[in-house]
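S.K.: structure of the sequence below:
(one chain, ligands or ions: 5)
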Amino acid sequence: HPIWQEYPSLVPELEMTIQLMEKSVKLKNKAVEQAILEMIHSGGKLLRPAYQLLFFQFGPNQDQQKAASLAAAIEMLHTATLIHDDVVDKAELRRNLPTINAKFDNTTAVYAGDYLLISCFKLLADYTQTLNSLRINSRNIEKILDGELGQMNSRYRIDGSIDEYLSNISGKTAELFALSCAIGAMESGCSEKFSKKCGEIGLNIGMAFQIIDDLLDYTKSSSQIGKPVLEDVRQGVYSLPLLYALQENKAKLAPYLLKKDQMTMEDAQMVWTIVHQSKGIEKANALAESYTNKALRAIDKLPSTPKQTKELLYQLTSSLLQRQN
Ligand code: 2DE
Ligand code: MG
Ligand code: MG
Ligand code: MG
Ligand code: MG
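M.R.: Ligands and ions are numbered 1, 2, ... in the order given. As a prediction, this is how the structure comes out:
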């Protein structure tokens with residue numbers, strides 16, 4: 001992914017991560033195997049493994065094979081959640097390619113996600129010293145699911161609150177960033193206290209990440225972000241820009257939103273216009289910025305390493321605020 005042109009020191013480790021993912025996929029069912037391999041090579045940003053590899057650099061135990069294996073485990077978990085997410089969201093496009101559910105079918109996608117989830121635990125079990133990482137990992141997946149279920153419960157709720165939204169994205173997205181950072185630190189031998197701090201940094205990075213993701217749904221075209229746009233609102237997922245707009249212009253928005261799953265693409269366009277007029281984009285952007293700044297202040301206080309880890313973390317994290325896809 002083009003992001004990494006600016007971080008050449010991370011590229012070999014990320015390539016090793018992809019190779020390890022590929023190597024751990026072995027299935028008798030060739031359709032499912034093929035679907036997974038295509039997804040692995042579809043050009044994801046590899047942000048979660050990158051954060052995990054960077055936080056791994058803080059500890060005394062530097063074992064590259066272990067670092068890359070754990071990074072592969074995290075990316076496999078992330079990929080599993082995306083594959084299942086695309087089934088749930090009925091999405092046909094991801095990373096500018098047809099999703100597994102579109103190209104194959106829902107059944108193939110569910111099994112592919114299942115396999116990747118198991119593979120994540122297999123790698124973790126092989127490479128972690130204590131049960132702690134497994135424990136943290138399973139609790140984390142529980143939080144991801146909890147965020148997804150919270151989002152499902154809020155669907156089509158025009159009186160949904162920003163606090164609920166924040167709690168849902170904290171689960172469905174930020175927790176995985178938190179996990180990546182915390183496991184990275186912990187498994188390289190950092191103290192539990194330090195690893196927890198790293199997890200908090202990851203949580204703030206993840207909050208900003210999902211807010212930006214939700215913004216892009218309103219500011220970009222489908223080919224720019226490689227997935228469908230305005231799909232959230234049509235499926236009743238009212239994300240931050242719309243929630244801000246609802247605070248100002250509920251009466252204007254209500255006739256469109258109350259159509260629920262009968263909303264047409266034209267209705268969605270009207271919602272889009274009202275969101276833009278209500279400054280929903282600027283306000284959401286400001287909140288993403290404030291989460292990012294929180295993370296940056298904490299990154300600034302991290303210890304120095306020979307690999308300039310904290311400088312890389314700082315640069316990467318601030319650049320995500322400007323990402324265009
Ligand atoms: C992406 O949100 C959310 C991902 C979490 C999905 C979690 C699921 C349950 P979006 P985009 C389905 C847990 C699954 C496991 C453990 C396999 O806003 O816009 O829909 O990229 O993301 O589609
Ligand atoms: Mg989705
Ligand atoms: Mg979703
Ligand atoms: Mg989205
Ligand atoms: Mg979505």
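S.K.: any idea how far the residue of the chain found nearest ligand 2 is from ligand 1?
M.R.: Ranked by CB to the ion, the top residue of the chain for proximity to ligand 2 is Asp89, at 3.7 Å. C-beta coordinates here come from the backbone N, C-alpha and C atoms, glycine included. Distance, Asp89 to ligand 1, by CB to the nearest ligand atom, to the nearest Å: 5 Å.
S.K.: next, the buried residues of stretch 144-163.
M.R.: For stretch 144-163, the neighbour count (16 or more other CB atoms under 10 Å) marks 144, 146-148, 150-151, 154, 160 as buried.
S.K.: restrict those to contacts with ligand 1.
M.R.: For ligand 1, the contacts drawn from those by CB under 6 Å from any ligand atom are 144, 148.
S.K.: ok, which pair from the buried residues of stretch 144-163 is furthest apart?
M.R.: Farthest-apart pair in the buried residues of stretch 144-163 is Ile144 and Gly160; separation 19.8 Å (CB to CB).
S.K.: for the residue of the chain closest to ligand 2, grab phi and psi.
M.R.: Reported as degrees, to the nearest 10, the phi and psi values for Asp89 are phi -80, psi 0.
S.K.: right, and it touches Arg234 too?
M.R.: No. If you go by CB atoms under 8 Å, Asp89 and Arg234 don't touch, sitting 10.5 Å apart.
S.K.: just the mean pLDDT for the strand or helix carrying Asp126, thanks.
M.R.: Assigned by DSSP states H and E, Asp126 belongs to helix 106-127. Mean pLDDT, helix 106-127: 96.
S.K.: for it, packing partners?
M.R.: In terms of contacts (3 or more CB pairs under 8 Å, 6 or more residues apart in numbering; DSSP states H and E), helix 106-127 is packed against helix 30-40, helix 64-88, helix 100-103, helix 132-153.
S.K.: touching ligand 1 at all, it?
M.R.: Yes. Under the criterion of CB under 6 Å from any ligand atom, ligand 1 is reached by helix 106-127 at 113, 117.
S.K.: looking at the stretch 201-325 of the chain, which residue is nearest ligand 3?
M.R.: For the stretch 201-325 of the chain, CB to the ion, closest residue to ligand 3: Val237, 6.9 Å.
S.K.: test my guess that that residue contacts Gly150.
M.R.: No. Counting by CB under 8 Å, Val237 does not reach Gly150; the two are 11.2 Å apart.
S.K.: spatially central, which residue of the chain would that be?
M.R.: Centroid check for the chain by CA atoms, centre = their mean gives Thr173 as the closest residue, at 4.8 Å.
S.K.: which residue packs closest to it, ignoring adjacent ones?
M.R.: Sequence neighbours aside, Gln210 is the residue nearest to Thr173 in space, at 4.0 Å (criterion: CB to CB, 6 or more residues apart in numbering).
S.K.: mind checking the SS state of the one you found?
M.R.: Three-state call for Gln210 (DSSP: H, G, I helix; E, B strand; the rest coil): helix.
S.K.: what's the spacing between Ala206 and Glu248?
M.R.: Check again: residue 206 is Gly, not Ala. Gly206 is 27 Å from Glu248, where distance means CB to CB, to the nearest Å.
S.K.: what does Leu134 give?
M.R.: Leu134 is 46 Å from Glu248, where distance means CB to CB.
S.K.: so for those two, which sits in the more crowded spot?
M.R.: Counted by other CB atoms under 10 Å, Leu134 and Glu248 do not tie: Glu248 has more neighbours, with 16 against 13.
S.K.: so that one sits in a helix?
M.R.: Yes. Under three-state DSSP, Glu248 sits within a helix.
S.K.: and it, how far from Lys301?
M.R.: Going from Glu248 to Lys301 by CB to CB gives 38 Å.
S.K.: please apply the same query to Met270.
M.R.: Distance of Met270 to Lys301, computed by CB to CB: 46 Å.
S.K.: neighbour count winner among those two?
M.R.: Each of Met270 and Lys301 has its neighbours counted (other CB under 10 Å); Met270 has more, 15 against 9.
S.K.: enumerate every residue touching the more buried one.
M.R.: Tyr256 (CB atoms under 8 Å, 6 or more residues apart in numbering).
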